[in-house]
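**Student:** Predicted model, plus sequence, below.
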Amino acid sequence: MIVPFPLTGLRPAALQQRPRNVMKVILHTGAHRCATTSFQEYVRQNAHTLGQQGIGFWGPYRTRNGLFHGIQPGPAPVSGRNLVQRARGRLQIRMAGCQANGVQQLLVSEENMIGAVRQNLRLGDLYGGVGERMARYAQAFGDVVTDVALSIRSLDSYWTSALAFAVARGHKMPTATSLDRLVRSPRSWRDVITDIAAAMPDVRLQVLPFETFGTRPEAALTVLTGIKAPRSHARVRLNASLCLQDLRANLPSAAAAQLPQGAGRWRPFDNAQTAYLREAYADDMMWLAGGADGLAVLAKDPEKQAAGLNPSRIELTRGRPDDKQRRMAGSG
């Protein structure tokens, strides 16, 4: 059993004692349908500028080209080789190369680290195996990982976006039973966060709400790295959910006939189901805002300055100033 590290607002001792010349490794785990692909494209387009600031980047073009092969269990040729050990060695070599090239912070962005959307839909569950998966990545990377970032969004919009994405790629249309199973699933983002924190207890886990950072990748990068992120290519939008009219155009006639009439966003959940999912997300956000039991940190908008203990005084624009001599009625 993995016991979570009790964070109390301070970084774990293992991170506080880390030598300053050791490269910082940040794992950005998505989630899916939270503008992760757009964020990756933004970082990729600004790779040269970020490299001058000591920021390295590994995205899906690298991670899905054999870099992570062997970390997760799966079919493999019988060769007598320890694939997990080879994966760890491969990562160590690549990370050593990055550090030799002057990289001070290595950002690894790969949403498939925590699972797959189609598995969530098939099981009616929200990243049920994320704890075991992230424990394997923790073993592969070793103790160099300092931060893990997770993007989340309201559950009603997450499942709606996931369904639209899946249906457009041939997944069968959801039934009333399958929709209700998604709504009644006992897992929420709080469970996902708790599982990741248990699998990687010695790292700082930051949670980035989609509603704050989804359309602002530069703000997300600032939160993750602490640098003043460039604004170039910050408004690129990739893999957006198809609207109803585009879904109909991309589906076979039999499947398209099951979609509601009209235009705009597809809303598969009824009002009661939507309210139930939003309430669950509100509970998760309240838990995060209250400290998340010391397991995670809710990322704040870097462009919004919190009021201090003594907020600045706003001058009154109506009424008479107190120090102005008032006209008084004469006596007798």
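**Tutor:** Sure, I can see it.

**Student:** Wasn't A164 part of a strand?
**Tutor:** No. Counting by DSSP: H, G, I helix; E, B strand; the rest coil, A164 is located in no strand; its state is helix.

**Student:** check contacts around the residue lying closest to it once chain neighbours are set aside.
**Tutor:** Nearest residue to A164 in three dimensions, chain neighbours excluded: S241, at 4.2 Å (CB to CB, 6 or more residues apart in numbering). C-beta coordinates here come from the backbone N, C-alpha and C atoms, glycine included. S241 is in contact with R33, T160, S161, A164, F165, R265, W266, counting by CB atoms under 8 Å, 6 or more residues apart in numbering.

**Student:** what's around the second one, how many residues?
**Tutor:** I take that to be T160. Neighbourhood size, T160 [other CB atoms under 10 Å]: 21.

**Student:** List the contacts of stretch 170-184.
**Tutor:** The contact list for stretch 170-184, computed with CB under 8 Å, 6+ apart, reads 118, 121, 124, 159, 163, 167, 255, 258-259, 268-269, 273, 276-277.

**Student:** actually stretch 83-93, not the one I wrote
**Tutor:** L67, F68, H69, G70, I71, A76, R136, Q139, A140, F141, G142.

**Student:** CA atoms of it as PDB?
**Tutor:** Taking C-alpha atoms only, stretch 83-93 is exported to PDB below (Å, rounded to 0.1, in the frame of the first residue of the first chain):
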ATOM      1  CA  LEU A  83      12.000  -3.700 -20.700                       C
ATOM      2  CA  VAL A  84      11.400  -1.600 -17.600                       C
ATOM      3  CA  GLN A  85      15.100  -1.400 -16.900                       C
ATOM      4  CA  ARG A  86      15.800  -0.500 -20.500                       C
ATOM      5  CA  ALA A  87      13.200   2.300 -20.400                       C
ATOM      6  CA  ARG A  88      14.700   3.800 -17.300                       C
ATOM      7  CA  GLY A  89      18.100   3.700 -18.800                       C
ATOM      8  CA  ARG A  90      16.800   5.300 -22.000                       C
ATOM      9  CA  LEU A  91      15.300   8.100 -20.000                       C
ATOM     10  CA  GLN A  92      18.400   8.600 -17.900                       C
ATOM     11  CA  ILE A  93      20.500   9.000 -21.000                       C
END
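
**Student:** E110: which of the contacts of S241 is nearest?
**Tutor:** E110 lies nearest to R33 out of the contacts of S241, by CB to CB, at 14.9 Å.

**Student:** That closest one is in contact with R153, isn't it?
**Tutor:** Yes. The pair R33 and R153 passes the contact test of CB atoms under 8 Å, sitting 7.2 Å apart.

**Student:** Neighbour count: those two, which is higher?
**Tutor:** Taking other CB under 10 Å, R33 and R153 do not tie; R33 has more neighbours (26 against 21).

**Student:** Kindly state the pLDDT recorded for the nearest residue to the more buried one once chain neighbours are set aside?
**Tutor:** Computed as CB to CB, 6+ apart, the closest residue to R33 that is not its neighbour in sequence is S161, at 4.1 Å. At S161, the model reports a pLDDT of 97.

**Student:** got any ranges where the chain has weak pLDDT?
**Tutor:** 1-21, 75-80, 306-332 (pLDDT under 70).

**Student:** follow-up on the earlier one: can you select the buried ones among the contacts of S241 for me in ChimeraX?
**Tutor:** Burial among these is assessed by 16 or more other CB atoms under 10 Å; the matching ChimeraX selection reads:
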select :33,160,161,164,165,266
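
**Student:** How far away from the center of its chain is stretch 217-232?
**Tutor:** With CA atoms, centre = their mean, to the nearest Å as the basis, stretch 217-232 stands 14 Å off its chain's centre.

**Student:** list the buried ones in that stretch?
**Tutor:** Buried residues in stretch 217-232, counted by 16+ other CB under 10 Å: P217, E218, A219, A220, L221, T222, V223, L224, T225, A229, P230.

**Student:** possible to save those as a markdown table with secondary structure and distance to G51?
**Tutor:** A markdown table is the format used below for the buried residues of stretch 217-232 (DSSP: H, G, I helix; E, B strand; the rest coil; distance: CB to CB, whole Å):
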| residue | secondary structure | distance to G51 |
| --- | --- | --- |
| P217 | helix | 17 |
| E218 | helix | 16 |
| A219 | helix | 20 |
| A220 | helix | 18 |
| L221 | helix | 13 |
| T222 | helix | 17 |
| V223 | helix | 20 |
| L224 | helix | 16 |
| T225 | helix | 12 |
| A229 | coil | 13 |
| P230 | coil | 12 |
